[in-house]
Each structure stands twice: as C-alpha cells, then as structure tokens.
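S.K.: got a structure for you, letters missing:
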C-alpha cells in the first residue's frame, strides 16, 4: 500500500515540477504531501501541535499561490520541515522539529536502512517482496546488455543498422530520474525519522534554571561586584547616549533627510550589534548560580533598567528609520531594519523574562525561535514588492523609480497604472511599459503548473475587456 | 571495519549514479571508454572521501562496548545534514550544470550508503 502511494506521488511530483517554475505546483504538492502524511501517520495527526502545523502548511501553500514571492516559498519549505519534525516528535522544540524535518527529508531512507529499535527488534519472518533481488535481477542484466550492444555495434554493420533503427527518444530519461527523485523524497517523508540524540536531549531539558553544585558565596560575591559595576557604568553610558541621540534627532531629522540617511545606515548596524552584546552580557551574568545568590537584587535591578534602556534605544532607531522612510520611501533594507528591530525588541523582552523568572538559555532559544517562526509566517503573507511600490508612489516625498522598476514583477501592474496617470521621463516610461509587457508575456507563457493568482486576475481582465 | 569492501561497493555505486544521471543528457558509444576509465578517478574520490570524512569518526569513537551501529545512529544524522548542505552549495555554485549536479548527487548518496554499510557491518 505504502509503495503504491509513494510511486503514485512520485509520478505526480514529476508532473508538477519537471521543467516548471514554482507556482500552483508547490501548492498542489503541499496538499499532496499532507494527504500522504495523514494516510501514513494518521495517529500523529491527533496531536494539536501537528494539526496546527498542518493548517499552517496549507496556509503557506495558499500564500505561495496568491503572493508568489521568494519569501513565501522559503516559508512554505520551513513549515514543511516543521510539520515533518512535529510528526516525528510533537513534544520537541521548534528548532528540533526543523532538525528532524530536514533530516527526514534528506536522509530518512538511509536512516531506515540501518535503523532498528533494539527493544522492539524482532526477527523478520516473512518478506512480501524482495526488492533488492528484483533490482539485481533486472538491473544487472540490463546494464550488461546495454554495454555489449554498444560494443557489438562497432563490430557488425548489419547489427549496427538494426540497433540504430530502435528509437527510444520518446522516453524522457530526465523525467524518469525526476520521478526517482520524487520517489526518494516521498519514501523519506512517509515515515518521519528523528535525530535521536538531539530529540532526547531536548525532551529531557526543561526551561527552568536550578542551583548548581558549586555554589560558592565568595565567588558569587566577586562576580556580583563585577556585574554591578559593569551594569552601572553601562547604564550611565546608555543614558548619556540616549539623551544625545534624542537631541540629534530633534535637530537634524526634519531639516536634512539625506544626512539622516547616512546616520541611519552607519549607525543602525552598530546599535543593533550593541544591543545583541548587551543581551549576551546579561546572559553571561545570569547564566547560573548568581540567580540564586541572596544579594543579587541590585544587579538584577540594574540589568532590568539596562534592558528597558536598550528597548528605548530600539524605539529611537525605529523612529530614525521612520523619518528616513517618510522621506525616501520603503526599500527592502529599510523594511529589514524594522523586522530586525522587532526581533531585537522581542529578544530584549524574553531576556527580561529569563532573568525575572530564572529560566535557562534553552528557554530563551525555544521562545525566540518560535517567535521568529511566527514573524516569518506573517512576513511571508505580505506581497512586499507590491506594498513597497504602493507606499512609495503614494506617500513618499521622493520616489526612486529606478529601484521600483528593478523589483520583481509583482509590482508591474501597479507601476503601469502609475505610468499611465503621471508624466514620467521617456526612459522610465519605456522601462515601465517594457516591464509590464514582459510580465504579461510571462503570464501567458506559463504552463498550468506555474499558474499564480496573477494568471487568474489577468484572465478575468481579458474577459472583461472582451465584453 | 572493512574499509576496502566498503570502498569497492561505494565506487561501483558512485559510477552507476554518476553515469546514469549523465546519460539522461546524452548516450554515445564514444563515452564507453570514458565510462570505464572514469572508474579510476571515481575510486580515488570515493576512497579519499570515505577515509577522510567517515572512517575517522568510527576510528576515534570505536570501543569494544560501542558498535558501529551505535556510532552511526548518533552521528550519521549530523553528517548527512552537513553533507547535504555542502552538496547543495556545490550545485548552486556550479549554476546547476549537469556534470556538477550528477557529481554532487553521487557524493551525497554514496557517502550516505557508505555509512549504512559501515553501520550494518556488526549490528548488535
């Protein structure tokens, strides 16, 4: 039964993906994968987490069809690995799900080749079909027959003529190999496997921090003194920096946006790095027994103040970026800064919680990876090229058309409308028209496997025009 | 550990995979000699990869109480993930040329199967 499912799925896989670009095929593949997984692992789909990941997988499949962005395709793959990992072991952390999912996808077949459970290992009494024997029985004679035919061809002209008349060009070997790839993929995922070592370690480790064996009051006192001094000085420094930064923003922001852009570009990376270092310093001091030291209140308070001040710093950077965006519009880099800042802000909040609730590093890693996953999902739902273009042509003080034209075809229709309604330079007018024409041609040349929502829109537009 | 047997089997496997993928593009009698001769570089590659990347793991970790199977069970997943990543990078860097694709697919499948053969040698 399983073999039949795998073979059928591999044929569908080839039909969907062979010599095709990504489009409707990835969405259909997601549905197919889900069906195969449900059939072969029905019991695992009673778990809430697995059901949620399965639904998310369907959502990302729909997003790929509707948005057709690189990010949506990446997200679909990430959710695929998460789902496979969740089927392997639903209780494990999300990053272990990724590890298990990826491992299953690339090497599940090999894992099962040598893997057996020592406790449940039973002698194999009956084999339905000896595949290895059949492969040998067909494969080895076939290889030798081909080799000898190729050799005899040169020895006898009559034989050569006869052989030359055999035309096997109707067989597309690449298509067949692609099906083999599909077979390999489905046989890997049909019974998800786990990286036992990592999964076991993850399941055995909780989120709470416990008092260590080497609890030395003397050492902790020294560490606390060092931490308090460092935190105090860093707090003073960051307050000083924040005051100067607020003054700088209030004086230069509105008057000269170009200067601000230079400030933003040169400053943001350094500031974000400083926040990451700040988190690392806090994590260092609160990595172990200092959490349980009775006189750690001052150090804890200073750490909390520092986290809050760093959060203020994040808000200030966001403000700078905001001024910059309102002047020059959105670009991927500027959107990236917002996402980076959001992630950093969340990182600060989770660090705050870690210190407050005496959690371990794994807690931080688990929570942050889950949040990163959620943000990836949300970001993939946005058609960035379209929205960047929409914002820039409608709200930005100056529009960089060169940048917008270079974006993907997702903004082609929007730019075309903008082009028709405004008087642009002849060069830009030509480039936008070319982009739109190329986009329409590309849509028309697509096979059904490559269809996206744009194809549906386009066909509706054509029908409306015909009426 | 029976390294020569493993290398022998892996060489045959590698040759089969490499040429099957390449023959999907073009089959010609002129290639027959090259196919046979290719056994030498393939053998060298396979030997080097197995001896440099797989054998040391077993040589270092092998003890009387630990079987090949136990070592493979613990370390094969990480090896497979890293090897897949490297092969994927190779395919991307070579801009998906058919020879490069067949080379890197061969490397991944052969090394993974080589682990399987080592693990099965003396299953507990």
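M.R.: Okay, I see it. Quantities reported herein were computed from a predicted structural model and do not represent experimental measurements.
S.K.: centre of the chain to the helix or strand bottoming out on mean pLDDT in chain B, how far?
M.R.: Lowest on mean pLDDT, DSSP states H and E among the helices and strands of chain B sits helix B:31-37, with a mean of 80. Centroid separation for helix B:31-37 versus its chain: 20 Å, with C-alpha atoms, centre = their mean, to the nearest Å.
S.K.: is it anywhere near chain A?
M.R.: Yes: residues of helix B:31-37 contacting chain A under C-beta under 8 Å from any C-beta of the partner chain: residue B:32. From N, CA and C alone the C-beta is placed, and that goes for glycine too.
S.K.: list the helices and strands that helix packs on?
M.R.: helix A:131-153 (3 or more C-beta pairs under 8 Å, 6 or more residues apart in numbering or on different chains; DSSP states H and E).
S.K.: who's in contact with the least confident helix or strand of chain B?
M.R.: For helix B:31-37, contacts defined as C-beta atoms under 8 Å, 6 or more residues apart in numbering or on different chains pick out A:147, A:150, A:151, B:15, B:19.
S.K.: got it, and stretch A:85-93?
M.R.: Stretch A:85-93 is contacted from outside by A:37, A:41, A:44-45, A:47, A:49-50, A:53, A:96-102, A:104, A:192-194, A:199, A:202-203, A:362, A:365-366, A:369, using C-beta under 8 Å, 6+ apart.
S.K.: now the buried members of the residues you listed.
M.R.: For the contacts of stretch A:85-93, a burial check counting by 16 or more other C-beta atoms under 10 Å in any protein chain shown picks out A:37, A:41, A:44-45, A:49-50, A:53, A:96-102, A:104, A:192-194, A:199, A:202, A:362, A:366, A:369.
S.K.: coming back round to it: any part of the helix or strand just after the least confident helix or strand of chain B near chain A?
M.R.: Going down the chain from helix B:31-37, the next helix or strand is helix B:39-49, by DSSP states H and E. No: judged by C-beta under 8 Å from any C-beta, helix B:39-49 and chain A are separated, with a smallest distance of 13.1 Å.
S.K.: list the buried residues in helix B:39-49.
M.R.: Burial within helix B:39-49, assessed by neighbour count using 16+ other C-beta under 10 Å, is assigned to B:42, B:43, B:45, B:46, B:47, B:49.
S.K.: also stretch A:386-394?
M.R.: A:386, A:388, A:389, A:392, A:393.
S.K.: what's the burial count for residue A:208?
M.R.: Applying other C-beta atoms under 10 Å in any protein chain shown, we find 11 other residues in the vicinity of residue A:208.
S.K.: just to revisit the earlier point, the contacts of stretch A:85-93 in helices, which ones?
M.R.: Residues of the contacts of stretch A:85-93 located in helices (DSSP state H): A:37, A:49-50, A:53, A:96-102, A:104, A:199, A:202-203, A:362, A:365-366, A:369.
S.K.: keep only these that also lie close to chain B.
M.R.: A:99, A:102.
S.K.: residues in contact with the spatially closest residue to residue A:411 that is not a sequence neighbour?
M.R.: Leaving aside its sequence neighbours, residue A:411 sits nearest to residue A:389 (C-beta to C-beta, 6 or more residues apart in numbering or on different chains; 3.9 Å). Residue A:389 makes contact with A:404, A:407, A:411, A:414, A:415, according to C-beta under 8 Å, 6+ apart.
S.K.: which secondary structure element contains residue A:389?
M.R.: If you go by DSSP H and E, residue A:389 is part of helix A:384-394.
S.K.: around the residue nearest to residue A:369 when sequence neighbours are not counted, how many other residues sit close by?
M.R.: With sequence-adjacent residues excluded and distances taken as C-beta to C-beta, 6+ apart, residue A:369 is closest to residue A:95, at 4.7 Å. Counted by other C-beta under 10 Å, the residues lying close to residue A:95 total 20.
S.K.: equivalent analysis for residue A:137, please.
M.R.: Using other C-beta under 10 Å, residue A:137 is surrounded by 11 other residues.
S.K.: so what's it up against?
M.R.: The contact partners of residue A:137, by C-beta under 8 Å, 6+ apart, come to none.
S.K.: what pLDDT is listed against it?
M.R.: Residue A:137 carries a pLDDT value of 80.
S.K.: in the helix or strand hosting residue A:85, what's buried?
M.R.: Assignment of secondary structure by DSSP H and E places residue A:85 within helix A:70-88. Neighbour-count burial for helix A:70-88, with 16+ other C-beta under 10 Å as criterion, is recorded at A:71-73, A:75-76, A:78-88.
S.K.: try stretch A:333-340
M.R.: Those buried within stretch A:333-340 under the rule 16+ other C-beta under 10 Å are A:334, A:335, A:337, A:340.
S.K.: in the chain, which segments are predicted with low confidence?
M.R.: I'll assume chain A. Residues of chain A meeting the criterion pLDDT under 70: A:115-132, A:167-170, A:252-267, A:465-467.
S.K.: the intended chain is chain B.
M.R.: B:27-30, B:122-124.
S.K.: longest helix in it, please.
M.R.: Ranked by residue count under DSSP H, the longest helix found in chain B is helix B:68-93.
S.K.: also compute the angle for that helix relative to helix B:39-49, please.
M.R.: Using axes from the mean of the first three to the mean of the last three C-alpha atoms, to 10 degrees, the direction of helix B:68-93 lies 120 degrees away from that of helix B:39-49.
S.K.: could the contacts of helix B:31-37 go into TSV alongside distance to residue A:227 and neighbour count?
M.R.: Shown next, in TSV, are the contacts of helix B:31-37 (distance: C-beta to C-beta, whole Å; neighbours: other C-beta atoms under 10 Å in any protein chain shown):
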residue	distance to residue A:227	neighbour count
A:147	74	13
A:150	76	17
A:151	79	11
B:15	62	19
B:19	64	19
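S.K.: got phi/psi on residue B:66?
M.R.: phi -110, psi 120 (degrees, to the nearest 10).
S.K.: got a list of what residue B:88 touches?
M.R.: Contact partners of residue B:88, counting by C-beta under 8 Å, 6+ apart, are residue B:104.
S.K.: and the residue in the stretch 251-400 of chain A that chain B sits nearest to, how far is that from residue A:346?
M.R.: Per C-beta to the nearest C-beta, residue A:369 is where the stretch 251-400 of chain A lies closest to chain B, at 17.1 Å. Distance of residue A:369 to residue A:346, given as C-beta to C-beta, to the nearest Å: 11 Å.
S.K.: just residue A:433 next, same as before
M.R.: Distance, residue A:433 to residue A:346, using C-beta to C-beta: 43 Å.
S.K.: quickly find the element holding the closest residue to residue B:20 other than its chain neighbours.
M.R.: Spatial nearest neighbour of residue B:20, chain neighbours left out: residue A:177 (7.4 Å); criterion: C-beta to C-beta, 6+ apart. Here residue A:177, judged by DSSP H and E, is contained in helix A:173-189.
S.K.: most remote residue from the chain's center?
M.R.: You didn't pick a chain, so chain A it is. Distance from the centre of chain A peaks at residue A:158, with 59.4 Å (C-alpha atoms, centre = their mean).
S.K.: sorry, I should have been clearer: chain B.
M.R.: Within chain B, the residue lying farthest from the chain centre (C-alpha atoms, centre = their mean) is residue B:65, at 27.4 Å.
S.K.: for it, give me phi and psi.
M.R.: Torsion angles at residue B:65 (phi, psi; degrees, to the nearest 10) stand at phi -90, psi -10.
S.K.: ok, residue B:63 next?
M.R.: When read as degrees, to the nearest 10, the backbone of residue B:63 gives phi -130, psi 170.
S.K.: pull up the gap between the residue farthest from the centre of chain A and chain B, please.
M.R.: Taking C-beta to the nearest C-beta, to the nearest Å as the measure, residue A:158 falls 16 Å from chain B.
S.K.: quick one: that residue is in a helix?
M.R.: Yes: residue state for residue A:158 (DSSP: H, G, I helix; E, B strand; the rest coil) corresponds to a helix.
S.K.: for residue A:369, which residues are in contact?
M.R.: Applying C-beta under 8 Å, 6+ apart, the residues near residue A:369 are A:93, A:94, A:95.
S.K.: quickly name whichever of those residues is closest to chain B.
M.R.: In terms of C-beta to the nearest C-beta, no member of the contacts of residue A:369 lies closer to chain B than residue A:95, at 13.0 Å.
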